[in-house]
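Undergrad: structure here, sequence nowhere to be found:
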């Protein structure tokens, strides 16, 4: 097998693990040698996944520390951005799912022929809602674990 074709496949989006395994199959002829090399590949893949998972945990831990610092800050513009996003989400959902349909129904009922206000994009609101619910879940976890945080206004 030409080593340059393997490198070309790596950069062109080819399946690197399969190509490496195929190359090893051609290099080692006995079944025992193939099994050893496949085990080494599996071990290397598992070690890579473990290192990637450790890095993800480190990034999440760092973000948690930043979140704690932000939440403890008495300045509303530092600690209050999450509640502000939550209230924007609540207002947007109330408008989209209550206000807008009621307005359309009332204008149709009263035969109003003026301009209708725009509808908000529901997919964007749902993305915002699910993001906020995820953050709320982490806060519940912090409360269960006894994390010491200050509430805005209660110093």
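TA: Right, received. Where do you want to start? Worth saying up front: this structure is predicted, and the values here are computed from it rather than measured. Numbering: from 1, shown residues only.

Undergrad: regarding this protein, what is its longest helix?
TA: Counting residues, the longest helix in the chain under DSSP state H turns out to be helix 31-72.

Undergrad: okay, and for the protein, where does confidence drop off?
TA: Of all residues in the chain, those with pLDDT under 70 make up the ranges 1-18, 21, 24-29, 77-78, 134-143, 146-155.

Undergrad: ok, 80 please
TA: 1-31, 33-34, 67, 70-83, 86, 114, 116, 128-155 (pLDDT under 80).

Undergrad: helices of that one, start to end?
TA: Counting by DSSP H, the helices of the chain are 3-11, 16-27, 31-72, 76-79, 81-94, 100-109, 122-145.

Undergrad: in a markdown table: the ones you listed, plus mean neighbour count.
TA: (Each C-beta comes from the backbone N, C-alpha and C, glycine too.) Shown next, in a markdown table, are those (neighbours: other C-beta atoms under 10 Å):
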| stretch | mean neighbour count |
| --- | --- |
| helix 3-11 | 11 |
| helix 16-27 | 13 |
| helix 31-72 | 11 |
| helix 76-79 | 13 |
| helix 81-94 | 14 |
| helix 100-109 | 12 |
| helix 122-145 | 12 |
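
Undergrad: so which of these is nearest residue 116?
TA: helix 100-109 (6.4 Å; C-beta to C-beta).

Undergrad: quick check: residue 41 touching residue 20?
TA: Yes. Counting by C-beta atoms under 8 Å, residue 41 does reach residue 20; the two are 6.8 Å apart.

Undergrad: that older thread, can the helices of the chain go into CSV with extra columns for distance to residue 115?
TA: Shown next, in CSV, are the helices of the chain (distance: least, C-beta to C-beta, whole Å):
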stretch, distance to residue 115
helix 3-11, 55
helix 16-27, 57
helix 31-72, 41
helix 76-79, 36
helix 81-94, 20
helix 100-109, 10
helix 122-145, 21
